[in-house]
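S.K.: Build me a model from this:
(chains A and B)
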Amino acid sequence: NAGVTQTPKFQVLKTGQSMTLQCAQDMNHEYMSWYRQDPGMGLRLIHYSVGAGITDQGEVPNGYNVSRSTTEDFPLRLLSAAPSQTSVYFCASSYVGGRTSYNSPLHFGNGTRLTVT
Amino acid sequence: GQQVMQIPQYQHVQEGEDFTTYCNSSTTLSNIQWYKQRPGGHPVFLIQLVKSGEVKKQKRLTFQFGEAKKNSSLHITATQTTDVGTYFCAGPKSGAGSYQLTFGKGTKLSVIP
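M.R.: Residues are numbered from 1 along each chain as shown, chains lettered A, B, ... in the order given. Model prediction:
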């Protein structure tokens, strides 16, 4: 049981390049999400999904695309990288609350450190 | 919009001293979660509080949920170097389903040996 797996761990891009950050989970979680973490800004939600074929925008979605073709995978695409996208990116997953209205704990991947020059 | 605020942003303590971080929400929360992130690591779930006035303990860590369910605190007794990291609180996003969380900006704890 690997949990949430993110690749790559580190990436350096030049402005204008595109790339995909991979995220996979093996816990059969319905909810998957992408956060970026910047110094002093905490964790900000980029995009999220509550199941295959369903995605929605979070707090800071501009410049990023996502898709959810399977329950397990939730890739994050940077279409044209900008220096402002230099950050640490975390993928996180959880169950969607069933009988209760309480949030399920989020399971985070190890993160991807992205630098855009 | 909904805000979850944490104070202080940074805390430096001598090893053995106590530490407290506070979390305040602009709205009533159905539950609150706490996470710890070690330097260079990823956030790890610590605990969830759901009842008004609830107090939970994990060894030297004490978590409280306010009576009005709008604030929470994490208290560490006799800090150790292993407590170093950033502590985040998170509450459900208003109007969202039971899965979206809004995180506070975290309190970064440094422990001086």
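S.K.: what about the residue nearest the centre of chain B, helix or strand, and which?
M.R.: Nearest to the mean C-alpha position of chain B, counting by C-alpha atoms, centre = their mean, stands residue B:89 at 3.9 Å. Taking DSSP states H and E as the definition, residue B:89 sits inside strand B:85-92.
S.K.: Show residues contacting that strand.
M.R.: A:42-43, A:101, A:103, A:106, B:2, B:4, B:6, B:21, B:23, B:25, B:29-39, B:41, B:43, B:72, B:74, B:98, B:100-109 (C-beta atoms under 8 Å, 6 or more residues apart in numbering or on different chains). C-beta here means a position set from N, CA and C on the backbone, and glycine is covered the same way.
S.K.: Quickly run through the sheet partners of that strand, with directions.
M.R.: Strand B:85-92 pairs in its sheet with strand B:32-37 (antiparallel), strand B:101-103 (antiparallel), strand B:107-112 (antiparallel), by DSSP bridges.
S.K.: do you know how far the nearest residue to residue A:114 once chain neighbours are set aside is from chain B?
M.R.: Spatial nearest neighbour of residue A:114, excluding adjacent residues (C-beta to C-beta, 6 or more residues apart in numbering or on different chains): residue A:11 at 5.0 Å. When C-beta to the nearest C-beta, to the nearest Å is applied, the distance between residue A:11 and chain B equals 16 Å.
S.K.: which residues does residue A:11 contact?
M.R.: Listed by C-beta under 8 Å, 6+ apart, the contact partners of residue A:11 are A:19, A:21, A:112-115.
S.K.: mind running it again at 7 Å?
M.R.: A:19, A:112, A:114 (C-beta atoms under 7 Å, 6 or more residues apart in numbering or on different chains).
S.K.: What is the burial count for the last one?
M.R.: By the criterion of other C-beta atoms under 10 Å in any protein chain shown, residue A:114 has 20 neighbours.
S.K.: Can you say which helix or strand has it in it?
M.R.: Residue A:114 belongs to strand A:112-116 when elements are defined using DSSP H and E.
S.K.: re earlier: among the contacts of strand B:85-92, the buried ones, what's the ChimeraX command?
M.R.: Restricted to buried positions by 16 or more other C-beta atoms under 10 Å in any protein chain shown, the ChimeraX selection for the contacts of strand B:85-92 reads:
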select /A:42,43,103,106 /B:4,6,21,23,25,29,31,32,33,34,35,36,37,43,72,74,98,100,101,102,103,104,105,106,107,108,109
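S.K.: which non-adjacent residue is nearest residue B:62?
M.R.: residue B:75 (4.5 Å).
S.K.: for residue A:106, phi and psi?
M.R.: Main-chain dihedrals, residue A:106, degrees, to the nearest 10: phi -80, psi 140.
S.K.: Tell me the pLDDT of it.
M.R.: Model confidence at residue A:106, expressed as pLDDT, equals 94.
S.K.: again with the one 3 residues further on
M.R.: At residue A:109 the predicted local confidence, pLDDT, stands at 98.
S.K.: That one touches residue A:24, doesn't it?
M.R.: No: using C-beta atoms under 7 Å, residue A:109 is not in contact with residue A:24; the gap is 8.7 Å.
S.K.: More neighbours: these two, which one.
M.R.: More crowded of residue A:109 and residue A:24, by other C-beta under 10 Å: residue A:109, with 24 against 19.
S.K.: need the contact list for the more buried one.
M.R.: Contact analysis of residue A:109 by C-beta under 7 Å, 6+ apart lists A:4-6, A:23, A:90-91, B:42.
S.K.: what's the helix or strand of chain B with the lowest mean pLDDT in contact with?
M.R.: The helix or strand of chain B with the lowest confidence, counting by mean pLDDT, DSSP states H and E, is strand B:101-103 at a mean of 90. Outside strand B:101-103, the residues that touch it by C-beta under 7 Å, 6+ apart are A:42-43, A:103, A:106, B:2, B:4, B:33, B:88, B:90-93.
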